[in-house]
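# Could you look at this predicted model? Sequence included:
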Amino acid sequence: MKALFTIILLVLSNIFMTFAWYGHLKLQEMKVSTSWPLILVILFSWGLAFFEYCAQVPANRIGFSGNGGPFSLVQLKVIQEVVSLVVFTLIVTVLFKGESLHWNHLAAFGCLVLAVFFVFLK
């Protein structure tokens, strides 16, 4: 159950992270934030990043084997990276219509799946 809860929190964290890092670009594309000064864009992103950390920190605490969780630090990091790229890809392909996936992106994702496989090998 800790593994599932950890992964759910990592997905939630990465949704907020992706919007914190790239959401302002969508707002700019929609003409919502075109007149915002850079400091306001940064504060907006920090506000979203707060919620990212509210999910990321508990995910790492719950999932870390040193706290009774099922994952080593390396495993947590690789899981987080894969979740990050999956969430990023889904959000970008849905919200940013000019972006598309190409064969090399799929090949890179395949390499990440292999990374997860290798990090969990005993």
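Cool, got the structure.
# which non-adjacent residue is nearest Phe16?
Distance criterion Cβ to Cβ, 6 or more residues apart in numbering; nearest residue to Phe16, sequence neighbours excluded, is Glu52 at 3.9 Å. From N, CA and C alone the C-beta is placed, and that goes for glycine too.
# just checking, that neighbour touches Met17?
Yes - in this structure, Glu52 is within contact of Met17 by Cβ atoms under 8 Å, at 4.5 Å.
# more neighbours, those two?
Shown here are Glu52 and Met17; by other Cβ atoms under 10 Å, Met17 has more neighbours (25 against 21).
# ok, now how distant is that one from Val82?
Met17 sits 14 Å away from Val82, going by Cβ to Cβ, to the nearest Å.
# picking that back up, can you name the residues that contact the residue nearest to Phe16?
Listed by Cβ atoms under 8 Å, 6 or more residues apart in numbering, the contact set of Glu52 reads 13-14, 16-17, 20.
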